[in-house]
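> Make a model of this:
(one chain, ligands or ions: 2)
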Amino acid sequence: MTRLVLKFGGTSVGDIERIKAVALRVKSEVDAGNEIAIVVSAMSGVTNRLIGYVNEIAPLYDAREYDIVVSSGEQITSGLLTIALQELGIPARSWQGWQIPVYTDDAHGKARIRSISGEEVIKSLQAGTVVVVPGFQGVGPDGSVSTLGRGGSDTSAVALAAALDADRCDIYTDVEGIYTADPRIVAKAHKLEKITHEEMLEMASVGAKVLQTRAVEIAMKHGVRLQVLSSFTNKPGTLVVDEDEVVEQEFVSGIAYSRDEAKITLVKVSDRPGVAARIFGPLADASVNVDMIVQNVSDDGKATDLTFTVTRSDLERAIETLNQNKNDLGYEDLRSDLNVVKISVIGVGMRSHAGVAQRMFKCLGDEGVNVQVISTSEIKVSVLIAEEFTERAVRALHTVYGLDAE
Ligand code: ASP
Ligand code: MG
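Ligands and ions are numbered 1, 2, ... in the order given. Model prediction:
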């Protein structure tokens with residue numbers, strides 16, 4: 001008996017016709033003899049509308065009541081899909097977050113799952129009933145409804161798959177899988193058959209927005225096999241698996257980019273022990289996430305220039321924090337730049353292949369693209385470049401690493 005968790009995103013359940021189509025797809029999985037638990041998103045557009053209602057009444061709303069409102073979108077879909085399944089003669093039942101229960105912390109609006117009790121759901125699956133669960137919602141320590149943050153249904157699905165010890169978690173969406181690069185930019189991008197959790201995590205965190213990052217983290221931690229596939233076709237998608245399942249490792253699996261970057265340069269910071277801590281300490285205290293960092297000796301050799309990146313939404317807070325600490329930090333000038341993009345080359349095979357970064361720099365040099373900041377991890381090399389070169393850089397790198405489809 002194969003136990004599957006199937007997750008359907010907003011566009012896959014966008015209207016009643018789509019919900020009926022999903023029910024038929026589920027029927028084929030049931031007919032094949034599988035145990036099926038389903039996680040659904042709100043119908044597309046619904047969550048945005050609900051958030052809009054809340055904001056119309058009170059921009060500084062009570063987060064607990066916000067969760068009561070926005071969690072309802074998923075509740076509606078879960079009931080509708082359950083009814084659609086029953087109409088096809090399939091025994092089905094919906095389980096709200098509090099019924100399972102999906103326990104979360106009390107951070108309303110962006111709660112984290114603490115634990116899921118799978119026993120009752122497993123009994124129901126074993127008795128041949130399809131279980132339909134609204135994604136995105138859980139129950140906080142005081143028993144009130146909580147939600148997991150935008151895109152949180154992915155996380156619900158993966159966490160449920162872990163709790164149910166499912167054989168696989170299929171994430172149905174409106175793209176056919178994970179591509180070697182954004183197909184809107186690179187015409188020769190191709191769908192990957194398999195990718196490791198770690199690579200997917202890097203792809204997700206640098207802007208390939210197919211899966212919520214948190215969902216991939218949970219999948220990696222619990223070894224949940226994922227498949228990302230389209231509910232609009234019948235093609236196999238991309239499998240996201242543990243590294244030991246990928247036999248033939250490409251040394252580069254994909255090229256990703258993120259426009260959500262801002263660059264800050266502190267000019268002429270006095271170069272003495274402890275400055276870096278004094279700069280990045282207050283930023284961390286202000287919850288500003290610093291990503292790439294370079295330090296350069298300034299023109300006169302007496303001071304240092306420090307350049308780093310933050311997400312665009314953090315830029316203003318970062319500048320304010322630095323200005324407040326200007327006397328203590330003793331820098332001469334602060335410059336910020338939004339005209340930047342981060343390009344990343346990602347692949348687990350990099351661990352065992354030298355020269356990946358060098359090839360990237362050579363390629364960008366040949367294209368006349370100036371590299372402003374560099375950062376690397378074991379399986380990723382990222383560079384910051386001027387935004388107008390995004391397409392050219394991604395396409396050139398895609399070719400250089402042999403990723404172009406024939
Ligand atoms: N409906 C929620 C959202 O739009 C959660 C989800 O679909 O993943 O963010
Ligand atoms: Mg989503």
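> ok, which stretches of the stretch 301-406 of the chain are strands?
The residue ranges that make up the strands of the stretch 301-406 of the chain, judged by DSSP state E, counting those that start in this stretch, are 303-310, 333-337, 340-346, 373-377, 380-386.
> closest to residue 193 out of those?
strand 340-346 (16.0 Å; C-beta to C-beta). Every C-beta, even on glycine, is put in place using the N, C-alpha and C of the backbone.
> Just give the nearest non-adjacent residue to the closest residue to ligand 1 within the stretch 151-300 of the chain, would you?
Closest approach of the stretch 151-300 of the chain to ligand 1 (C-beta to the nearest ligand atom) occurs at residue 153, with a separation of 3.2 Å. Taking C-beta to C-beta, 6 or more residues apart in numbering as the measure, residue 153 lies nearest to residue 135, with 2.7 Å between them; neighbours along the chain are not counted.
> Distance of residue 315 relative to ligand 2?
Distance from residue 315 to ligand 2, counting by C-beta to the ion, to the nearest Å: 25 Å.
> Near ligand 1, which residues of the stretch 101-250 of the chain are found?
When proximity is defined as C-beta under 6 Å from any ligand atom, the stretch 101-250 of the chain approaches ligand 1 at 135-136, 150-154.
> can you do 5 Å?
The interface of the stretch 101-250 of the chain toward ligand 1, taken as C-beta under 5 Å from any ligand atom, is made up of 136, 150-153.
> burial of residue 51, as a residue count?
Burial measure for residue 51: 17 neighbouring residues, criterion other C-beta atoms under 10 Å.
> Those residues of the stretch 51-200 of the chain touching ligand 2, which are they?
For the stretch 51-200 of the chain, the contact set with ligand 2 under C-beta under 5 Å from the ion comprises residue 151.
> can you pull out the helices in the stretch 51-200 of the chain?
Counting by DSSP state H, counting those that start in this stretch, the stretch 51-200 of the chain forms helices over residues 63-70, 72-87, 119-126, 153-163, 197-205, given from the N-terminal end onward.
> now, of those, which is deepest in the fold?
Most buried of the helices of the stretch 51-200 of the chain, by mean neighbour count (mean count of other C-beta atoms under 10 Å): helix 153-163, with a mean of 28.
> where's residue 240, which helix or strand?
Per DSSP states H and E, residue 240 falls inside strand 238-241.
> so the residue nearest to residue 153 makes contact with residue 47?
No. Using C-beta atoms under 8 Å as the test, residue 135 is too far from residue 47 to be in contact (10.7 Å).
> What is the neighbour count of the residue of the chain found nearest ligand 2?
Proximity of the chain to ligand 2 (C-beta to the ion) peaks at residue 151, 4.4 Å away. Other residues within reach of residue 151, judged by other C-beta under 10 Å, total 19.
> what about stretch 256-266, start to end distance?
This stretch, stretch 256-266, spans 28 Å end to end (C-alpha to C-alpha, to the nearest Å).
> picking up where we left off before, pairing partners for the strand holding residue 240, with directions?
Strand pairing for strand 238-241, determined by DSSP bridges: strand 194-196 (parallel), strand 226-230 (antiparallel).
> Using CSV, lay out those strands together with mean neighbour count and mean pLDDT.
Output for these, formatted as CSV (neighbours: other C-beta atoms under 10 Å; pLDDT from 0 to 100):
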stretch, mean neighbour count, mean pLDDT
strand 194-196, 23, 94
strand 226-230, 22, 96
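> closest one to residue 96 among these?
Closest approach to residue 96 among these (C-beta to C-beta): strand 226-230, 24.1 Å.
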